[in-house]
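# Sharing a model prediction with you, sequence too.
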Amino acid sequence: MPAAPAPPRLSDPALLARLVAFDTTSSRPTRQLVDFLCDLLDRPGVVVARQGVEDGAKENLVVRIGPEADAATRRGLVLSGHLDVVPAGPVDGWHSAPFALAERDGRLHARGAADMKGFLAVAANLAREADPDALQAPLVLAFTFDEEVGSLGARMLVERWDELAPAIGPLPRAAVIGEPTSLAAVRAHKGHLKLRLTFRGRSAHSGYPHLGISATEAAGRAVAALSELRRELERETVASGAEFPEVPFLALNVGTVAGGTAINVVAERCVVEVGMRTLPGVDPAALAERVRATAAAALPGGPAAELDFETISDSPPMSTPADAPLHRHLLAALGQPAPRTVAYSTDAGHLQELGLDCVIFGPGSIEVAHQPNEFVPAAELAAARGHLAALIETFCRRGDDGIG
């Protein structure tokens, strides 16, 4: 039976239009988008591996083009990005449909256009165009689910890598993480530790408050204490803070407070959620305990609300040595005079645990990500293609890092 004909080649903007049409908001499945990418990429000389949660709705996709990486040198290149997007929000804030690509004044608008399906489109097209027989070292795509809600797919990929390793082989050490950086190379970022504090009191009629214990009052005292902890953290010096001169400290944010059922009822329950932007080299468990102890110490003696404490998610910080070959190569190619860091977290925090030297690089700006009318400039999409194609030439076709 003859092989099915390859799908027609799509330009990068045309492929981006196909990708954004899949509503992969983090609350929805990625399976249909993974199906589409598998059909696009699978061919002789290409290894396709899928990894999902139990019901199969959410999946990671890992694709290897070319030979296995040598276990000793781990030459080659990984291009990594996440498949999910944040919610589009109110449609009336958009000038066009969020999940339909619209071009205006050289900008390609859609939810996920910048964060980060523009990068996915370029990476997938370059992988599709690569001749497996012409590569001396592998090109690997690693596309993950649920980055936006705590890098859940990347964490699964790391924790269950042994499931994929027999098919994919050793991963190349050099890895581009395609977050929108306006085509700058970023070698380090902060982490994001998300914590939940649940205060449990006793409900009562507000006319007889002495019969109840107010969870909202307890939460209020804890929030005040956490505000003081935030100021303490801003005064403390952390060695790696020098890499983040704009915000060189551990940043704490009381993000949400929700409690009570009615004005005339003493609140039985109140939930406070806290986010911490962590720094490389800092123990997240110790930080979490510091938050818990601070909140607990704010509760009065005697009959008082009880405190339940949990970690929602922990996206680790990432730091790649400035002299890593991929980082040095990108700085030279971009004419970028100095290393850069960012204060947001990415999948790289987990992926570095696989021994990867991660550099964040992609088209589009983080400032328009998560906003109505999100866009990627068409010129940056084209420039990203040129830079990524050059990396594939250097790291995969020549099979070395290209730096003497």
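Arrived safely, thanks for sending. Predicted, not measured: the structure shown is a model, and the values here were computed from it.

# Can you give me the first-to-last residue distance of stretch 370-380?
With Cα to Cα, to the nearest Å applied, stretch 370-380 spans 18 Å between its terminal residues.

# and if you look at stretch 192-208?
Length of stretch 192-208, first residue to last, Cα to Cα: 42 Å.

# Tell me the buried residues in that stretch?
192, 193, 194, 195, 197, 198, 199, 200, 201, 203, 204 (16 or more other Cβ atoms under 10 Å). For the C-beta atoms, the positions are set from N, CA and C on the backbone; glycine is no exception.

# Of these, which belong to strands?
Among these, the members falling in strands (DSSP state E) are 192, 193, 194, 195, 197, 198, 199, 200.

# Dump the residues you listed to JSON lines, plus pLDDT and distance to residue 131.
Formatted as JSON lines, those follow (pLDDT from 0 to 100; distance: Cβ to Cβ, whole Å):
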{"residue": "192", "pLDDT": "96", "distance to residue 131": "40"}
{"residue": "193", "pLDDT": "96", "distance to residue 131": "44"}
{"residue": "194", "pLDDT": "96", "distance to residue 131": "44"}
{"residue": "195", "pLDDT": "98", "distance to residue 131": "49"}
{"residue": "197", "pLDDT": "98", "distance to residue 131": "55"}
{"residue": "198", "pLDDT": "98", "distance to residue 131": "56"}
{"residue": "199", "pLDDT": "97", "distance to residue 131": "61"}
{"residue": "200", "pLDDT": "97", "distance to residue 131": "62"}
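
# and the gap between residue 373 and residue 87?
Using Cβ to Cβ, to the nearest Å, we find residue 373 at a distance of 14 Å from residue 87.

# Comparing these two, which residue is more hemmed in?
It is residue 373, of residue 373 and residue 87, that has more neighbours when counted by other Cβ atoms under 10 Å, with 17 against 14.

# Isn't that one up against residue 97?
No - using Cβ atoms under 8 Å, residue 373 is not in contact with residue 97; the gap is 11.2 Å.

# about what we covered before: for residue 344, state which of the buried residues of stretch 192-208 is nearest.
Comparing those against residue 344 with Cβ to Cβ places residue 192 closest, at 7.5 Å.

# ok, what's across the strand from the closest one?
With DSSP bridges applied, residue 192 shows beta-bridge pairing to residue 277, residue 315.

# Tell me how far the closest residue to residue 134 other than its chain neighbours lies from residue 70.
Leaving aside its sequence neighbours, residue 134 sits nearest to residue 397 (Cβ to Cβ, 6 or more residues apart in numbering; 6.2 Å). Note on residue 397: its distance to residue 70, by Cβ to Cβ, is 15 Å.

# cool, residue 202 as well?
Distance of residue 202 to residue 70, given as Cβ to Cβ: 65 Å.

# doesn't residue 322 fall inside a helix?
No - checked against DSSP: H, G, I helix; E, B strand; the rest coil, residue 322 lies outside a helix; its state is coil.

# what's around it, how many residues?
Neighbour tally, residue 322, other Cβ under 10 Å: 13.

# for the one 3 residues further on, same thing?
Counted by other Cβ under 10 Å, the residues lying close to residue 325 total 18.

# what helix or strand is residue 257 on?
strand 251-259 (DSSP states H and E).

# what's the angle between the longest helix seen in the chain and strand 191-200?
Ranked by residue count under DSSP state H, the longest helix found in the chain is helix 215-235. Angle of helix 215-235 versus strand 191-200, following axes from the mean of the first three to the mean of the last three Cα atoms, to 10 degrees, is 150 degrees.

# and residue 398, what does it touch?
With contact set as Cβ atoms under 8 Å, 6 or more residues apart in numbering, residue 398 has these partners: residue 136.

# Check it and give its pLDDT.
For residue 398, the model assigns a pLDDT of 78.

# Which one of the ones in strands among the buried residues of stretch 192-208 is nearest to residue 276?
Using Cβ to Cβ, residue 193 comes nearest to residue 276 of those, at 4.3 Å.

# which residues touch residue 291?
Counting by Cβ under 8 Å, 6+ apart, residue 291 makes contact with 195, 197, 226, 229, 252, 274, 276, 309.

# Redo the residues you listed as TSV? Include distance to residue 343.
As requested, these are exported to TSV (distance: Cβ to Cβ, whole Å):
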residue	distance to residue 343
195	18
197	23
226	20
229	19
252	13
274	17
276	12
309	25
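
# Pull out the buried members of these.
Using 16+ other Cβ under 10 Å, the buried ones in those are 195, 197, 226, 229, 252, 274, 276.

# Please produce CSV containing these, extended by distance to residue 45.
Converted to CSV, those look like this (distance: Cβ to Cβ, whole Å):
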residue, distance to residue 45
195, 47
197, 52
226, 55
229, 55
252, 50
274, 49
276, 45
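
# wait, which of these is closest to residue 82?
residue 276 (21.6 Å).

# Now the closest one. Nearest residue, chain neighbours left out?
residue 193 (4.3 Å).

# That neighbour contacts residue 284, correct?
Yes - when contacts are counted by Cβ under 8 Å, residue 193 is listed as touching residue 284 (5.0 Å).

# Pull up the overlap in contacts between those two.
Residues touching both residue 193 and residue 284 by Cβ under 8 Å, 6+ apart: 276, 278, 314.
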